[in-house]
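*Asks:* Sequence and predicted structure below; questions after.
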Amino acid sequence: MNPIHEEVNRRFLDKDLSGALAMIDYGLAQNSYDVALYRAKARVYFSMRDLAKSERWYGAVITHSPPKFDDYDQRATVRNALSDYRGTIEDMNVAIAMRGDNADCYLKRGGAYWELKDWDRADADFKKALEIAPTNADVVWVNGLLDLQLGRFDTGWERYESRWDSNRFKSNRLVTSKPRWEPGLKRVLVWGEQGLGDQIFYSSTLHNLRAQVDKVTMMIDRRLVSLFSRSMPRVQFVPNTSEIDVGEHDSHLPIASISSRFVHSLDDIRRKVATSYLKPDPDRVAEVREKLNLGNDKLVALSWTSAAVKIGPHKSMSLEDLEPILSIPGYRFVNVQYVNSATDQRDPRVEKAPVDCVKDMEGLAALLSLCYSLVSVSSSTVHLAAAIGVPVLLADANKLWYWNNREGDRSLWYPSVRVFPRDHIMAPWANVVESMRKILDADRKFRMGVMT
């Protein structure tokens, strides 16, 4: 191996990325057409998360060398991270032409089609990946997510169970010797998984399980324990960090698997999913009302940023995007962000919440129950408001399957939620915000007409 290449590789493996770049530049000064160093520079920039430069250097590799599968595959990864989904598709087309038996290529291209809301092509690519790698948990799980999004619940739920073996799924699994719950077993431990919003969402079918057993103990995020205990007194709720006596249950079930036992069609959602199933504490509601000095004001809650680590940036918008809504007279606006942001209180028209919207779910539930509406991107706050029955105008980025289960713009899972999806993941939010603005403004004008 070329000594410069060896030194670049050594520094890269030692995670001395600045040193690797310096050595690459030294090598290019001696041979400006060393494509191996172009490739190394693209790889280093990707590791540094300087995606634009990484893409540019992979482009140089592709321009100055014969076509190689890895170069197109790796540039597609960079373009995908840049949300350049059309570029991802272009590179995957070339890669698939070179190696049509690679399941990951179909998965990557199908994922890009999904982001562009081209369901048919996404479905075809995911199915091709499944044909090539039928036992690959990542492939099976992604197929399950699209099945659920398109209302194909029987195959969707079955494939969704492969999440536990998928490298892409990040949630802890309960270690237990007890069997999974099946009809006939009478004492079941339901255990929380994924995030706060997921635990609220998947609890909407809990009553179906409770009707078939003698006892349900449910482990959930400790911030939800008191709210859930009040709302569903026939279930025992404990923090998900609790130690559970194995003698108190004869079976277990992860929370996101409850619905798989009862929802097998879109019509089942209408018939078997609870609505307005969370009940805020009346004393907290009175306390928050007093703090707000609410009177007869119409309070609209706002949340424009998602805290999700991986998909949050795709789901989020800026406060400036909501300007058309903030300009509507006749409303008070309150910030119910689930995340802390330096821009949260920048606009004086948006009041600070009188509760801690991250730690105090009882307080947040009380606040939301006093709101005329919640305008929000997809977040745990939406799930909490919707589970209470608060009207929600949801700006949807097409990142979560269940928002696509709807009738018109109404969510089937949460009838109080109206869903306004972006045209695709790269589309601006303007059309979505305008649709929500029209609804709030029409409501304002209707109230004015009634009063006069």
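*Replies:* Now that the structure is in, tell me what you want to look at. Being a predicted model, the structure only gives us computed values, none of them experimental. Numbering: from 1, shown residues only.
*Asks:* can you list the domains in the protein?
*Replies:* Taking automatic domain parsing as the reference, the chain has its domains at 3-165, 187-272, 282-451.
*Asks:* List the contacts of Val361.
*Replies:* Not Val; residue 361 is Met. For Met361, the contact set (Cβ atoms under 8 Å, 6 or more residues apart in numbering) comprises Leu196, Arg223, Leu224, Leu227, Leu384. Placement of C-beta: from N, CA and C, glycine included.
*Asks:* the helices in the stretch 101-250 of the chain, which residues?
*Replies:* 103-115, 119-132, 137-149, 153-160, 196-202, 206-210, 225-231 (DSSP state H, counting those that start in this stretch).
*Asks:* Kindly report the same for the stretch 351-452 of the chain.
*Replies:* Using DSSP H, counting those that start in this stretch, helices in the stretch 351-452 of the chain cover 361-369, 380-388, 430-451.
*Asks:* Pick the most buried one from those.
*Replies:* Mean neighbour count (mean count of other Cβ atoms under 10 Å) peaks for helix 380-388 among the helices of the stretch 351-452 of the chain, with a mean of 28.
*Asks:* Mind checking the pLDDT average for it?
*Replies:* Across helix 380-388, pLDDT averages out at 97.
*Asks:* just stretch 421-439 next, same as before
*Replies:* pLDDT averaged over stretch 421-439 gives 91.
*Asks:* circling back to that earlier point, select, out of the helices of the stretch 351-452 of the chain, the one closest to Thr305.
*Replies:* helix 380-388 (10.4 Å; Cβ to Cβ).
*Asks:* Report all helices and strands that the closest one contacts.
*Replies:* Contacts defined by 3 or more Cβ pairs under 8 Å, 6 or more residues apart in numbering; DSSP states H and E place helix 380-388 against helix 196-202, strand 299-303, helix 361-369, strand 373-377, strand 392-396.
*Asks:* Would you mind giving these as a markdown table with distance to Val190 added?
*Replies:* Formatted as a markdown table, those follow (distance: least, Cβ to Cβ, whole Å):
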| stretch | distance to Val190 |
| --- | --- |
| helix 196-202 | 9 |
| strand 299-303 | 28 |
| helix 361-369 | 18 |
| strand 373-377 | 27 |
| strand 392-396 | 26 |
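*Asks:* so which of these gets nearest Lys170?
*Replies:* It's helix 196-202; of those, that one is closest to Lys170 (Cβ to Cβ) at 11.9 Å.
*Asks:* What lies in contact with that closest one?
*Replies:* Residues contacting helix 196-202 (Cβ under 8 Å, 6+ apart): 192-193, 220-221, 223-224, 255-256, 258-259, 278, 361, 379-384, 387, 402, 413.
*Asks:* And stretch 213-220, by the same measure?
*Replies:* In contact with stretch 213-220 (Cβ under 8 Å, 6+ apart) are residues 181, 185-192, 199, 203, 206, 209-210, 228, 234-240, 242, 244, 248-249, 255.
*Asks:* mind redoing it with 7 Å?
*Replies:* 186-192, 199, 209-210, 228, 235-238, 240, 242, 244, 248-249 (Cβ atoms under 7 Å, 6 or more residues apart in numbering).
*Asks:* buried ones in that stretch?
*Replies:* Val213, Val216, Thr217, Met218, Met219, Ile220 (16 or more other Cβ atoms under 10 Å).
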